[in-house]
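predicted model, plus sequence, below.
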Amino acid sequence: MGRGAQSLARVAVIVRAGAAPLWWPGLLAAAIGALVPGLTGRRIGLLAGAALFLITAAVVALARGRRYAELAGGATRAGRSDFLQDRAVTVRNWRRGRRWWLLGAFLAAVASAFVLPGAGGMVLAGAGAGLWLKAVRIGRREQRDDALYWVRTDWVERGRPAGKRVKGYRTTGPMAGDAAPGGARRRR
């Protein structure tokens, strides 16, 4: 990298990186939990899990929405010397940094089935769905603004592209990088 160059990661990719590792283990934990009668019974546990799924998905999808909009509104153009991080690298870094936390969350969701069957898994799946919805919302803004939003990798603390250390976003044209608006893989 040249002088003054920054390593940039896509905002939507960082948000979307946690969706699948929460969604699939959450569904697995809910399925395992449905097999256990638990203290409250399967019916109550699964109904509570469905309600918790909706609440968690809504909370995660809407959390810090104003901060994302504020950072996107004040975004500046990325420089020629800035290094755009690949989608695969961003996803791999996010998941490697949280693999033990994800394993612990899965085990806690399975263990919670002995009290409220399926509910813990549905909370995990709801968090994954909420992250996916948030990435879709960012992707819609990217399409509307005809720009992709990037954040400096050294500002992203613990995988938060809208955290306190983030001072602003950078933008590129819609064809930059290897991810489509919203953080999905770009179709070839």
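Yep, that arrived.

rest of the way, CA atoms for contacts and neighbours
Fine.

could you point out the helix or strand that follows the longest helix along the chain?
Under DSSP state H, the helix in the chain containing the largest number of residues is helix 119-145. Following helix 119-145 in sequence order, the next helix or strand is strand 148-152 (DSSP states H and E).

name the surrounding residues that touch the helix or strand that that following strand is followed by.
Downstream of strand 148-152, the first helix or strand assigned by DSSP H and E is strand 170-172. Strand 170-172 is contacted by residues 75-78, 147-151 when judged by C-alpha atoms under 8 Å, 6 or more residues apart in numbering.

with respect to Arg95, which of those is nearest?
When those are compared for distance to Arg95 (C-alpha to C-alpha), Val151 wins out at 17.8 Å.

need the pLDDT of that closest one.
At Val151, the model reports a pLDDT of 92.

cool, Gly4 as well?
Value listed for Gly4 in the pLDDT field: 59.

same question, the one 10 residues further on
In the predicted model, Ile14 carries a pLDDT score of 92.

state the distance from Ile14 to Gly182.
10 Å (C-alpha to C-alpha, to the nearest Å).

Leu46 now?
As judged by C-alpha to C-alpha, Leu46 and Gly182 stand 31 Å apart.

element containing Ala58, please.
helix 42-62.

give me the helices and strands touching the longest helix of the chain, please.
With contacts defined as 3 or more C-alpha pairs under 8 Å, 6 or more residues apart in numbering; DSSP states H and E, helix 119-145 has these neighbours: helix 11-16, helix 19-35, helix 42-62, helix 99-111.

quick check: which of these is buried the most?
helix 11-16 (a mean of 27; mean count of other C-alpha atoms under 10 Å).

what is the burial count for the nearest residue to Leu62 once chain neighbours are set aside?
Of all residues not flanking Leu62 in the chain, Lys134 sits nearest, at 7.1 Å (C-alpha to C-alpha, 6 or more residues apart in numbering). Neighbours of Lys134 under the rule other C-alpha atoms under 10 Å: 25.
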